[in-house]
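S.K.: no sequence for this one, just the structure:
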DNA sequence: GATAGTTACTTGCTTATTGCAAGTGATGGC
DNA sequence: GCCATCACTTGCAATAAGCAAGTAACTATC
């Protein structure tokens, strides 16, 4: 992992944005929180993430220790993706983002009640939301 | 403001990322929370935001109702920037991002104690952190 | 053995964005 | 008239985003 000298500053907010400050990374983390783990799962999400962006973001999230990939099949070898503890701890951020949008954007969807009750620990036990 | 049909999906998380899912917007919001309001203030931040990016992001934040600009001088006219209520309500998101980074990135800075005690309401009273 | 289907990517290309460095405009001070 | 200040804009090169098609490694079917 990077030394703090390699970030554009030592501010923790600024550092966080170097990890997840783009339009797709937290969408992928959302899908992982919801129990999705394979390529087809992510591609079925309503945003229609381009396949090259999906591959690139999953690789970066894995490099940053937010996601791990585990083979679920041998011939050919194919991988499923899961959140690490570091990744699961992004959940409170997702929850706060949802609260913000629900307050300020009319007509957006409401996640299930469980979404606000689930904790990072729950995700690691692989409970589905 | 956009209708929900104009976002890439109706998911509140996804919508939020269309507003602030980049590496600079929340850094600017951080600076506004800290009481900064003029160009020179933002440019003095440690990340060294390029001036064209600063201008572009402030304009977008204003268009999205997250920031307002008010003239502080007439000749020539010059503007200072402040958070709206919508912008101040991003504070819990900033706080969660900081908690995450402090847990997972060694050697990052620690904000003042007040950062975690301040509320969105406090920001609107223009209390400095 | 050839063909088709499935899943997970990669590739080539176009378009868009990022960001560097310099420049511009409207003032005031000397 | 020149210089300084502050808030941007501009031109351009580099990088990233994303579209659409393609590829690889299997299995199933005929």
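M.R.: Everything's here; your move. Just so we're clear, the structure is a prediction, and the values are computed from it rather than from any experiment. Numbers count the residues shown, from 1 in each chain, chains lettered A, B, ... in the order given.

S.K.: in chain A, what residue comes closest to DNA strand C?
M.R.: residue A:39 (3.0 Å; Cβ to the nearest atom of the strand). Yep, even glycine has a C-beta here, placed from its N, CA and C like the rest.

S.K.: once you drop chain neighbours, what's closest to that residue?
M.R.: Leaving out its chain neighbours, the residue that sits closest to residue A:39 by Cβ to Cβ, 6 or more residues apart in numbering or on different chains is residue A:54, at 7.0 Å.

S.K.: quick one: contacts for residue A:79?
M.R.: Counting by Cβ atoms under 8 Å, 6 or more residues apart in numbering or on different chains, residue A:79 touches A:69-72.

S.K.: and the furthest pair within those residues?
M.R.: Within those, A:69 and A:72 form the most distant pair, 9.6 Å apart (Cβ to Cβ).

S.K.: quick check: neighbours shared by the two?
M.R.: Joint contacts of residue A:69 and residue A:72 (Cβ under 8 Å, 6+ apart) are A:79-80.

S.K.: so for the two, which sits in the more crowded spot?
M.R.: Neighbour count, other Cβ atoms under 10 Å in any protein chain shown: between residue A:69 and residue A:72, residue A:69 has more, with 15 against 11.

S.K.: doesn't that one belong to a strand?
M.R.: Yes - judged by DSSP: H, G, I helix; E, B strand; the rest coil, residue A:69 forms part of a strand.

S.K.: what residues does chain A have near DNA strand C?
M.R.: Within chain A, the residues that sit near DNA strand C (Cβ under 7 Å from any atom of the strand) are A:38-40, A:51-52, A:55, A:58, A:69, A:78-80.

S.K.: poorly predicted segments of chain A, please.
M.R.: Residue ranges of chain A with pLDDT under 70: A:1-3, A:126-129.

S.K.: quick one: the helices in it, in order.
M.R.: For chain A, applying DSSP state H gives helices covering A:12-20, A:25-33, A:39-43, A:51-63, A:85-88, A:91-104, A:114-117, A:120-124.
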